[in-house]
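# Here is the input, now give the coordinates:
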Amino acid sequence: MFSILRWGVILSFFICVISLFLLVLKTLSFGRRPLFAKSRGEAKRGIYYAFGKGMMPWEKESAGKHILTYVAGILYHLGIFVALFYLSSLVIPFSLRIPIILRVLLGLGFICGIGVLMKRILHVSLRRISCPDDFASNILVDMFLAFALASTFSQEFTLYFYSTSILLFLYIPLGKIRHCVFFFYTRILFGFFYGRRGVLPRGNAKFET
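Numbering: from 1, shown residues only. Next comes the predicted model:
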């Protein structure tokens, strides 16, 4: 069973990667809008800003007003990256000692994931604008983190970890979790456009006299 699920994880991972690649290619089918306005800044500076200072909470109105949710989001995603790394160590496999920090990060990620889910459920405004995919994605990732943590203590949970991983990889291209790819794609476009226009970062604009 372990071997079957292990290959299932590998197959679902490649299905996920290929599907995401095709989704990115599909966006290119819309063509590229011509930019008639003369450049007033440097696109690369806008991209640096988008992935640097622009990620800070004080640069985002929503994040700045909800700093605890911002920090929870960081820990949540950090836990996910740790779980994926741990999954790769089981599937490839390669020798990996399980330090306490790994379990701490997985545990914090799970707690933060549950916290974000509860906020979405209990906060009236958030609940009204949420769709089923918002809840399904959160629950699926929380299960992924929970079984990752449990499998570090007992191999019996590895079967559940593999099964959840397969479901997660197959679901990623279908739901909002595909932002794991489109986040980088859209941040590059955001930085390129506003950097070129000289809007971001501040002081990037070049004025002609």
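
# Burial check on residue 31, number of neighbours?
Residues lying near residue 31 (other CB atoms under 10 Å) number 6. Placement of C-beta: from N, CA and C, glycine included.

# How confident is the prediction for it, by pLDDT?
As predicted, residue 31 sits at a pLDDT of 73.

# Roughly how far does it sit from residue 161?
To residue 161, residue 31 is 43 Å away according to CB to CB, to the nearest Å.

# which stretches of the protein form helices?
In the chain, the segments counted as helices under DSSP state H are 2-28, 43-51, 61-65, 67-91, 100-122, 124-129, 132-151, 158-171, 179-196.

# Out of the ones you listed, which gets the lowest mean score?
helix 61-65 (a mean of 74).

# buried ones in that one?
Across helix 61-65, burial judged by 16 or more other CB atoms under 10 Å covers residue 63.

# Any chance you could give me that helix in CSV, C-alpha atoms only?
What follows is helix 61-65, C-alpha atoms only, in CSV (Å, rounded to 0.1, in the frame of the first residue of the first chain):
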residue,chain,number,x,y,z
GLU,A,61,-3.7,48.6,3.5
SER,A,62,-5.6,45.3,4.4
ALA,A,63,-2.5,43.6,5.9
GLY,A,64,-1.6,46.7,7.9
LYS,A,65,-5.0,46.7,9.6
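
# residues contacting the residue nearest to the spatial centre of the chain?
Nearest to the mean C-alpha position of the chain, counting by CA atoms, centre = their mean, stands residue 180 at 3.7 Å. If you count contacts by CB atoms under 8 Å, 6 or more residues apart in numbering, residue 180 has them with residue 172.

# Give me the pLDDT for residue 201.
81.

# okay, now it: neighbour count?
21.

# Contacts only, for it.
Going by CB under 8 Å, 6+ apart, the list of residues near residue 201 reads 45, 46, 48, 49, 53, 54, 195.

# what about 7 Å?
Neighbour list for residue 201: 45, 49, 53 [criterion: CB atoms under 7 Å, 6 or more residues apart in numbering].

# do you know how far it is from residue 53?
Per CB to CB, residue 201 is found 7 Å from residue 53.

# Of the helices of the chain, which is nearest residue 35?
In terms of CB to CB, the element of these nearest to residue 35 is helix 179-196, at 7.2 Å.

# Return the set of buried residues in that closest one.
181, 187, 190, 191, 192, 193, 194, 195, 196.

# that older thread, can you redo the helices of the chain as TSV with distance to residue 35?
Converted to TSV, those look like this (distance: least, CB to CB, whole Å):
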stretch	distance to residue 35
helix 2-28	17
helix 43-51	10
helix 61-65	27
helix 67-91	33
helix 100-122	38
helix 124-129	33
helix 132-151	34
helix 158-171	36
helix 179-196	7
